[in-house]
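[1] okay, predicted coordinates and the sequence, questions at the end:
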Amino acid sequence: MSDSTDGLKKALAKAHPNLLDALSRFQEIELHDVELEVDELELVLPQMVTSVTKLVEEAAAEKPSQLLRESFIAPPTKYNTQIIEVKLGATKAEGGSRDRTLTIGGETSTPFQIVSQPIKNMPVISLDVFDTKIPLAKPVKMHFSEVLEDPTAWAKLAVEKFGAEMVNLHLVSIDPMVKDTPPAEASKTVENVLQAVKVPVAIGGCGDAQKDLDVFTRVAEMAKGERLLFNSVTLDMDIKKMAKAVKDNGHATIAFTPMDMNKARELNRKLFELLPREQIVIDTTTAALGYGLDYAFTTMERTRLAGLMGDPELAQPMASGTTNAWAAREAWMKMPPEWGPTELRGPIWETVTALTLLLAGVDYFMMMHPAAVKTVKDTIHNLASGKKLAPNQYDWVRLRKLGD
Amino acid sequence: MAFATKLVNREASLNQCSPILQEKHRPAFDKLWEILKPPVREVTIGSEGHQLKIGGKYVLYRHEFTYANPTAIAIDVTDDMPEDQLLSRLKRVEEYTYRYIGQDLKLNAIAVRCTSDDPKTLAKAVKTIVSNSNLPIIICTTNPEAAEAGLAAASGKRPLLYAANTSNWKSMAELSLMYQSPLVASAPEGLDELRSLVRTLGAYGVQDIVLDPGTFPGEGMGTTIANFSTIRFAACKHDDELFGHPIMGIPLVAWTSEGELPEITKWNEAYLTSLLIARYADIMIVHSLDGWALLPNLVLRQNLYTDPRKPVAVEPGMRVLGKPNVNSPLLATSNFALTYYTVAADIESFGLDCYLMVVDSEGLSVESAVAGRKLTAEKFSQALEQHNAKDKVNHKNLIIPGRAARLSGEIEEVSGWKVLVGPLDSSGIQKFIREKWNPAPQTS
């Protein structure tokens, strides 16, 4: 996190001479080697307050007998830059066959900080669908057991029963180490799913850069005009070919990098030369709660802040592979009874992972468990509502008989 | 200068510098403190030796500087509970522990809610708590008479008093000063009222103030999260002293919705807790003691309060587990601390003598590291060379994590070792070794 202290440095620039001044006046602290260490001070000393408090002065005066009225004007939280908007899916009129389109991005402030300002585009939740049977945690599998080998039925179930706003079709079977499904066959699967559901669709690969490119290119041509979201273009891919397939056929793509803002910048720099920014979503990697979520959170939070503050290479909407939450053994493993069943522990794990990243600025969630999906959807709605509730309904202090 | 560096790095506190504590150096102390003090005041709750510190935050975003004082989680009891129930709940709070990367994750305090509205009942409950536990206490009542009885019963324990509001503030301020207890300023009606209250309490002489802007469930969540964010933003980025206090979140409000199944309410309380941890709550009151509802939040708290400057990684290298010989298995894992500790603990509980080669994945878990090309066939191959694997065992079999399966062929090509793909989770190592490991492996 080499530039993690940049913000600090600015805040400190004015402050550190005060510290040195104070230290040097205090005779018992010996100052030597100052030049060398000033850098360190600069790096680590957080923003500080140097004013003398109004409170202290007031305390010395007469005790108040009436409430002293204060008002609060929230400091400005709007930034200079607006995050790019990316449209997903295309209707018939737009050259596709979806019955709706979704737009993500467009933020001008950090997530859910300003309640008075309506949210331009709500974050979108898509449900994962796999093109072949894959190992799934029991609490997830139970909801999809009927459709595990039928991506078309799976996609329909995700939309009709579980309210998926989008479907995320992962073509895992194309993996040379799994079934090595050829591009033509994979493309057929996509075609079937596009016929089965009318929501916008995202297409995931297997992680093999060459095979993904072969399949994505084929799918992009087959579904020309549908504005699919490809997941994803990576630094080790033939970026030119991938970008051309996306551009020529009117799609969008996720640019995936491994928890590293500089890599995210590098990939975007390359993509921007080939593809309009309105066709790029970034994914800086999601790690599960307890398994690196702190990195994922901080990388995304910093990415979003940098974007808002004017770094054009990071001002793109963000995607999260939230299903990764299930990699945490606390989500799926049988534990002693006091930790509860995985039917609750699993989906709450995915929910908490998602909500944490929602507050970091994620615009597009790829999720798995219906209860987690519903909770995150409701929470997005609630956070955006801006409703002010009457405090007296919430007298929690005197609530009785809550049970254990 | 070394000490000064430690001071600004927050590795030492000004109170540890004994010369400056002398009266004659008071101006120097004050001046230094003005510079070094965090924009969010630190408030201490609880008796000597069992203190709980909350707030003391220096920054808004965790990448700027490590967050201080992890969000304290208090569990509620009521003063009209039968004593045996109170004691058993107290015991559950004290014993709740989850072992995670070499740390015990625990609950931090007990909040006693005065549901009786009767001073004597509250005093009795507080007495029961202090004579059976050292957990720091939050006394919850807006009735000054009851509050006083509660404070008197917790004498010397420095409980947090909840709460002063815009109508009872004067009595509560008096009590806070008299009993030297920190005080919550509660103004769920709005931020103007909260500021007025804080300013008034401050003017009255109360210094240790905790802010309660109100926690609302359901559709009120937006206002709640926006208020928490705004308060901390104002304190850290705009030197707002009236908002420079710790914030209290009350996920327990989830229980005010009636007619829900208890599991649903617990669920609602759990995810509200997680939002508040991520949005700057310094202390919280929670009702559900269910393992599944608390665990994700204790882990989330640990995660967000780690030092972002130091990756949670262990040194790459060859670890010796048990007493391996030249025929013992050689397993590989990543150097992400959590992966390493989990794998090592699983191997140890199974009692396997083996070598565990920790490959440098730049602190990422196996899955992320493989996806992000931080764990590659070359990395495995280099590690085998670097850690002299061939001198440790006389076979050439390497067991790699199941989540690195896609690298198996390439590792064989690059390193010349035979690769066995291990289980997806290290809990499966025992079964894997029993079924797949040949005790007399080929020496290719």
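    Yep, it's here. Residues are numbered from 1 along each chain as shown, chains lettered A, B, ... in the order given.
[2] need the contact list for residue 381.
    Since no chain was named, I'll use chain A. Going by C-beta atoms under 8 Å, 6 or more residues apart in numbering or on different chains, A:His381 touches A:Met122. To be clear about C-beta, it is placed using only N, CA and C from the backbone, and glycine gets the same treatment.
[3] please go with chain B instead
    With C-beta under 8 Å, 6+ apart, B:Ser381 has these contacts: B:Ile411, B:Val414, B:Ser415.
[4] pull the contacting residues for the first one.
    Contact criterion C-beta under 8 Å, 6+ apart gives B:Ala377, B:Phe380, B:Ser381, B:Leu398, B:Ile400, B:Trp417, B:Val419 as the residues in contact with B:Ile411.
[5] give the closest residue to the residue in the stretch 201-350 of chain A that chain B sits nearest to in space, chain neighbours not counted.
    For the stretch 201-350 of chain A, the residue closest to chain B is A:Pro258, as judged by C-beta to the nearest C-beta, at 2.3 Å. Distance criterion C-beta to C-beta, 6 or more residues apart in numbering or on different chains; nearest residue to A:Pro258, sequence neighbours excluded, is B:Gly372 at 2.3 Å.
[6] how many neighbours does the one you found have?
    21 (other C-beta atoms under 10 Å in any protein chain shown).
[7] roughly how far apart are B:Ser415 and chain A?
    18 Å (C-beta to the nearest C-beta, to the nearest Å).
[8] oh, that last question was meant for B:Glu145, not what I typed.
    15 Å.
[9] same deal with B:Glu42?
    14 Å.
[10] need phi/psi at B:Gln22.
    In terms of degrees, to the nearest 10, the main-chain angles of B:Gln22 are phi -60, psi 150.
[11] any idea how many residues pack against it?
    By other C-beta under 10 Å, neighbour count at B:Gln22 equals 11.
[12] output stretch A:244-263 as CSV, restricted to C-alpha atoms.
    Extracted C-alpha coordinates of stretch A:244-263, given in CSV (Å, rounded to 0.1, in the frame of the first residue of the first chain):
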residue,chain,number,x,y,z
LYS,A,244,-12.4,-5.5,-30.0
ALA,A,245,-14.9,-8.3,-29.4
VAL,A,246,-16.6,-6.2,-26.7
LYS,A,247,-16.6,-3.0,-28.7
ASP,A,248,-17.6,-4.4,-32.1
ASN,A,249,-20.5,-6.2,-30.7
GLY,A,250,-21.8,-3.6,-28.3
HIS,A,251,-21.1,-5.4,-25.0
ALA,A,252,-19.5,-4.4,-21.7
THR,A,253,-16.8,-6.1,-19.6
ILE,A,254,-15.5,-6.4,-16.1
ALA,A,255,-11.7,-5.6,-15.8
PHE,A,256,-10.5,-8.0,-13.1
THR,A,257,-7.3,-7.4,-11.1
PRO,A,258,-6.0,-9.0,-7.9
MET,A,259,-6.4,-6.5,-5.0
ASP,A,260,-4.0,-4.1,-6.4
MET,A,261,-5.0,-0.5,-7.3
ASN,A,262,-1.9,-0.1,-9.5
LYS,A,263,-2.8,-3.2,-11.5
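[13] quick one: which of the contacts of B:Ile411 is nearest to A:Ala315?
    Set against A:Ala315, the nearest of the contacts of B:Ile411 by C-beta to C-beta is B:Ala377 (35.9 Å).
[14] just the element for the nearest residue to that closest one once chain neighbours are set aside, please.
    Among residues not flanking B:Ala377 along the chain, B:Glu410 sits closest, at 3.6 Å (C-beta to C-beta, 6+ apart). When elements are assigned from DSSP states H and E, B:Glu410 belongs to helix B:408-415.
[15] tell me the helix or strand right after that helix.
    strand B:418-421.
[16] coming back round to it: figure out how far the helix holding B:Glu410 is from the centre of its chain.
    Relative to its chain's centre, helix B:408-415 lies at 41 Å (C-alpha atoms, centre = their mean, to the nearest Å).
[17] before we move on, what about stretch B:397-408?
    33 Å.
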